[in-house]
Structures are given as C-alpha cells and as structure tokens.
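**Student:** What would the 3D arrangement of this be:
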Amino acid sequence: MYKKILVPTDGSEFAKKAERHALFLSKVSGAEIIAVSVTENNFVNGLPLDDEIYQLNQILKERSEENLDEFDKLNEDNLKITHVIREGSPARVILEVAQEEAVDLIVMGSSGKSGFDRFIMGSVADKVVNSAKCAVLVVH
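**Tutor:** As a prediction, the model looks like this:
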C-alpha cells in the first residue's frame, strides 16, 4: 500500500476534491501526506526586488499558507500531514518534491481547462502525469 501521498493544493475546488481523496487514501493505508502549495511568481524573476514586488511575494506566500491551513481543517482524523511551500513552476515543483520525498502516489485535481485555454496554458496535471515516476491519481 502507500507510505507517502503528495497532494498539491492551490485552494481551488478541484484541489479540495483531491485533498478529500488523499485523506481517505491516507486513512485506509496509513500513509503520510505531503501537502504542497506552490507560489508561482514567475513575473518577479529578473526584476529588482523593490517594496511592491516584495509585498506581492509575501501575499503569495501567505496565500500558500492559507491553502495548507484550509487543507488541515479537512483532516478530521488527525492524519500526519507535512506542509511544503515552494516557489516556481507548479508542475516542476510537484515533480521535484515527489522525488525528494519518495512518494508512492500523487493525488491532484484537474483544473477542468479544455480547448484553447489548455493549449495555451498547458495543464499541470498533464505534465505531472507524463513525467512522474510514481502513480498519479487525477481527480476531476
């Protein structure tokens, strides 16, 4: 069975569905959950870190912490959840943390994008599914 389950969370309804699935799988398997929130601040790269950019970066980090706190509120069984907050590209960070933590399963939501939006923006879930070295459960 699973020993470590990684759950990326961004506070969306899609992520919350994945979080509930991960909590259930953790409860029945005894797996530890690694909850990851990614602060995507690509717009700051290469820019001088002035006060406005610094404040915006802090707001993004606070939002990541809030997402993880909201996930904890779903944890009625007091399962072990480790929080990870990282900056960068969501798919890349998810894959890095999965490898670093040697997770057995990634449980993630799908944004529901299709057509042109998916073509232009890509899909984090698609990138993770195609590159992960472990099982990936995508919750729609």
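**Student:** does the closest residue to residue 70 other than its chain neighbours count as helix, strand or coil?
**Tutor:** Closest residue in space to residue 70, ignoring its immediate chain neighbours: residue 11 at 6.3 Å, by Cβ to Cβ, 6 or more residues apart in numbering. For every residue, glycine as well, the C-beta is placed using N, CA and C. What DSSP: H, G, I helix; E, B strand; the rest coil gives for residue 11 is coil.
**Student:** count of residues packed around residue 131?
**Tutor:** 13 (other Cβ atoms under 10 Å).
**Student:** What separation do you get for it and residue 54?
**Tutor:** 32 Å (Cβ to Cβ, to the nearest Å).
**Student:** hang on, the residue nearest to residue 70 packs against residue 68?
**Tutor:** No. Shown here, residue 11 and residue 68 do not form a contact pair, counting by Cβ atoms under 8 Å, at 9.3 Å.
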